[in-house]
Structure formats: structure tokens, C-alpha cells
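Trainee: I would like the atomic coordinates for the input below:
(one chain, ligands or ions: 1)
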Amino acid sequence: MQKQLAHTTIELIQGDITKAAVDAIVNAANKELVGGGGVDGAIRRAGGEAIVQECNEIRKRQGGCPTGTAVITTGGNLPAKSVIHTAGPVWQGGDAGESDLLASCYKECLRLASENEVNSVAFPSISTGVYGYPTEKAANVALQTIRDLAESGTKVPESIQFVLFDDATYNCYVEALSEL
Ligand code: AR6
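Mentor: Numbering: from 1, shown residues only. Predicted structure coming up:
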């Protein structure tokens with residue numbers, strides 16, 4: 001499924017983000033930038049040591065990647081040239097600023113994308129795995145944040161994909177995009 005928002009096409013795909021042939025893929029990382037499971041583990045395995053090394057250098061230089069912010073590294077052996085790592089919020093019931101922090105992840109990733117001449121970017125469903133953010137709510141935050149940016153005239157990549165791993169997640173994003 002896809003939808004045009006101003007100059008940006010949003011496309012929903014079911015699959016494995018490590019295979020995405022785009023300028024940059026986004027990693028649902030942690031604020032320490034140490035490898036984890038889920039999509040983070042898959043990206044580090046497929047991308048190789050160059051990604052791990054750059055994350056280690058960033059951690060030494062600036063201490064990591066606070067929740068709601070993002071950093072960019074090489075894509076190593078991935079088809080994507082770069083990986084944008086962002087740390088999503090851990091779901092704590094919804095009253096701990098989770099939605100603003102999740103929106104900030106999408107904004108910061110897209111800001112880094114623009115600064116680095118990224119014309120096509122692929123996102124996973126940030127925070128909805130280990131971090132427990134309800135997928136339906138997260139899909140609305142993700143898509144509404146991108147729509148607001150695209151329609152405000154902020155420079156955003158021409159192509160934004162969501163590469164969603166499982167049926168339930170894909171279906172939540174289809175529903176949210178249909179209602180956008
Ligand atoms: N391609 C696309 N999506 C994937 C893939 C893949 N190869 N593998 C898993 N997903 P999660 P979080 C989906 O847990 O909730 C890590 O340990 C998965 O099904 O990866 O932000 C980090 O190091 C789910 O829909 O990320 C952090 O410590 C979505 O990606 C922590 O987990 C996000 O699930 C971050 O947790």
C-alpha cells in the first residue's frame with residue numbers, strides 16, 4: 001500500500017528491512033548503542049563489523065544516543081548505504097511522554113536523512129517489539145509525524161518506506177495509513 005503526501009511517497013511493505021535497497025535504513029536501537037536483539041541484532045549481523053565499530057566510536061565520543069535522538073553510520077555490507085540509529089521510548093503506560101519521544105525519533109531520523117542527502121529511507125516499527133509500545137498507537141504517531149513534516153514544507157526524503165516484519169504490525173500500519 002502507498003500514499004502520496006506532498007512531495008513524499010509513503011509505502012508499506014512486509015518483510016526484512018536488512019534487504020531494503022534504499023539510501024538509508026533506520027535501526028530501532030537503544031540509547032547505549034550496544035547491540036540488542038530484534039531488528040537491531042538483524043541489522044548488525046547483516047551489516048557487519050563496520051556498523052558496530054562506528055557505534056562504539058559514537059558512544060566514546062558522545063556517550064550514546066539519548067531516547068528520541070538519532071545518529072548515522074555506514075551501512076557496512078547492507079544494500080543500504082547508511083544506517084540511522086534511533087532509540088525509541090520504552091512503553092510505560094502512555095503518561096511518561098512516550099508519544100512525544102516516539103515522534104521525536106521520526107523527526108530526528110528524517111532531519112539526519114535530509115542533512116545526509118538521503119532520498120529514500122526505510123523505517124521499522126520503532127519501539128513496538130522489546131520496548132512494548134502498542135503497535136496501533138505507534139503506527140498513528142509514526143505516520144502523523146511524517147505527514148505533518150511533509151505538509152509543513154520541511155525537506156523530507158522523496159521515498160519513505162515502512163518495512164514491517166509480521167502480519168499484525170503490517171495490518172496496523174495499513175489501517176493507520178488508510179485513516180491518515
Ligand atoms: N526487519 C524489519 N522489522 C523487524 C526485523 C527485521 N529484520 N526484525 C524485527 N523486526 P524491536 P524496539 C520488527 O524489538 O521495540 C533491541 O534489543 C519487530 O517485529 O527490534 O524498538 C534494541 O537493541 C518489531 O515489529 O525494537 C533495543 O534494546 C519492530 O521490528 C530494543 O530492542 C521493533 O522491534 C529496542 O526495542
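
Trainee: Please report how far Ala21 lies from Ala87.
Mentor: 25 Å (Cβ to Cβ, to the nearest Å). Glycine gets a C-beta too; all of them are placed from N, C-alpha and C.

Trainee: Compare the two (neighbour count), which wins?
Mentor: Just comparing Ala21 and Ala87: by other Cβ atoms under 10 Å the higher neighbour count belongs to Ala87, 26 against 10.

Trainee: just checking, the more buried one touches Ile58?
Mentor: No - the pair Ala87 / Ile58 is not scored as a contact, 12.0 Å apart, by Cβ atoms under 8 Å.

Trainee: what sits in contact with each of these two?
Mentor: Contact with both Ala87 and Ile58 is made by residues 64-65, according to Cβ atoms under 8 Å, 6 or more residues apart in numbering.

Trainee: So which residues on the chain come close to the ligand?
Mentor: For the chain, the residues in contact with the ligand (Cβ under 6 Å from any ligand atom) are 16-18, 28-30, 36-40, 42, 88, 124-131, 163, 165-166, 169.

Trainee: And the residues you listed, which of them are buried?
Mentor: The neighbour count (16 or more other Cβ atoms under 10 Å) marks 17-18, 28-30, 36, 38-40, 42, 88, 124-129, 131, 163, 165, 169 as buried among these.

Trainee: can you give me the helices in this protein?
Mentor: Chain-ordered helices for the chain, with DSSP state H as the definition, fall at 38-47, 49-62, 98-115, 135-151, 167-179.

Trainee: could I get those as JSON lines with mean pLDDT?
Mentor: As requested, the helices of the chain are exported to JSON lines (pLDDT from 0 to 100):
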{"stretch": "helix 38-47", "mean pLDDT": "98"}
{"stretch": "helix 49-62", "mean pLDDT": "97"}
{"stretch": "helix 98-115", "mean pLDDT": "98"}
{"stretch": "helix 135-151", "mean pLDDT": "97"}
{"stretch": "helix 167-179", "mean pLDDT": "98"}
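
Trainee: I'd like to know which of those helices lies nearest to Thr69.
Mentor: helix 98-115 (5.4 Å; Cβ to Cβ).

Trainee: other SSEs contacting that closest one?
Mentor: Other elements packing on helix 98-115 under the criterion 3 or more Cβ pairs under 8 Å, 6 or more residues apart in numbering; DSSP states H and E are strand 70-74, strand 82-87, strand 120-123, helix 135-151.
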